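Asks: My questions concern the predicted model and sequence given below.
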Amino acid sequence: MSRVYVFNQYGGPQGEELIERPIPEPGPGDLLVEVRAAGVNPVDWKIREGHLGTDEELPVAMGREVAGVVAAIGPGIQEYAVGDEVLGLVGPGQGGWADHTLMRAADVVAKPEEISFAVAALIPVAGTTAYDLTHAIELRAGQTLLVLGAGGGVGHLVAEIGRVHEFRVLGVASGRHRALVESTGATFVGTGEGVVSAVHELAREGVDLIVDLVGGQLLRDMAPLAKAPHLIISAPDPETATELGGSGRTYDPESLAKITSVIGFKVITPQISGKYPLARAREALAAVESRHAHGKIVIVP
């Protein structure tokens, strides 16, 4: 038997629980992976609350990104072997907050030795999101990148990628995230009254790209600062971005391999703010849902 964290009703955290299930059997194209670390993301509580639909059969296994060791391989697998260290997205319905999970071989990459399991577990969702958002529009060194929500795990990586490419990065975040934002070399701008005018003072001619990780009213308020509407990209609120003339995230199928390579060379490093054992997965998700976490939260079974 193997443990897995699930929710058994759509809504709040009261439906979450840690249960046991038989160790999954890998089918054609599958890898059975012993989970060493799993990422926690805002999408996890949004799925639980039904924001992405309520059609999945309950209970629903939670967690989308993991790093671990291949324990068994399904028919047709040639590129991986038992004992290989990998990272990627979990298979449909499997859940990553678990002792074991199934992953499609097509959805994983080898974990470089230079990356810890905890860091590797943050690449499939947060890492690829940051990569896609910063590469959707080609900027030149010296151009201005405005990051809304720069204090979160994805925002931190966006700012670090901006530093590597020598963009001028303005990071909007709450005051408690100031040190984290400034550690990337970005100019910190605190949220709250006057935030729009503060950014305008720093970029009087407008900004060359807005990467939004917040959505809603903040995105609407900041949108006029973009030099052109198509320079607005939002991960959490593509509807508003599109309404404003921008777009949502465009997925690059090669982004997992690309950002893993960059992180393997220590060019950028995901920020881990907390590690929780699987038995405390409820606390880990609550920390993300409260939006108070600095950087990323990891579950380590």
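Replies: Here it is on my side, so go on. What you see is a predicted model, and the numbers here were worked out from it, not measured in a lab.

Asks: From here on, just use CA atoms for contacts and neighbour counts.
Replies: Fine.

Asks: Below-threshold pLDDT in the stretch 151-300 of the chain: ranges please.
Replies: The stretch 151-300 of the chain contains residues with pLDDT under 70 at 292-293.

Asks: quick one, what contacts the closest residue in space to residue 130 that isn't next to it in sequence?
Replies: Closest residue to residue 130 apart from its sequence neighbours, by C-alpha to C-alpha, 6 or more residues apart in numbering: residue 158 at 5.1 Å. If a contact means C-alpha atoms under 8 Å, 6 or more residues apart in numbering, then residue 158 has 130-131, 133-134, 147, 150 as its contacts.

Asks: Make sure residue 158 is indeed in a helix.
Replies: Yes. Judged by DSSP: H, G, I helix; E, B strand; the rest coil, residue 158 forms part of a helix.

Asks: Now do it against residue 129, distance only.
Replies: From residue 158 over to residue 129 the distance is 9 Å, taken as C-alpha to C-alpha, to the nearest Å.

Asks: Also residue 23?
Replies: In terms of C-alpha to C-alpha, residue 23 sits 30 Å off from residue 129.

Asks: In strands, which of the contacts of residue 158 fall?
Replies: residue 147 (DSSP state E).

Asks: Of the contacts of residue 158, just say which sits nearest to residue 104.
Replies: The closest of the contacts of residue 158 to residue 104 turns out to be residue 131 (C-alpha to C-alpha; 21.6 Å).

Asks: show me the contacts for the closest one.
Replies: By C-alpha under 8 Å, 6+ apart, the neighbours of residue 131 are 158, 161, 255, 259.

Asks: In CSV, could you pull the C-alpha coordinates for stretch 51-59?
Replies: The C-alpha coordinates for stretch 51-59 follow below in CSV (Å, rounded to 0.1, in the frame of the first residue of the first chain):
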residue,chain,number,x,y,z
HIS,A,51,-12.7,26.5,-10.1
LEU,A,52,-11.5,24.2,-12.9
GLY,A,53,-14.7,22.1,-12.9
THR,A,54,-16.3,19.5,-10.7
ASP,A,55,-16.4,16.5,-13.0
GLU,A,56,-13.6,14.4,-11.6
GLU,A,57,-14.6,11.3,-9.6
LEU,A,58,-14.1,11.7,-5.9
PRO,A,59,-11.8,11.3,-4.1
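
Asks: Show residues contacting it.
Replies: So stretch 51-59 is contacted by 6-10, 46-47 (C-alpha under 8 Å, 6+ apart).
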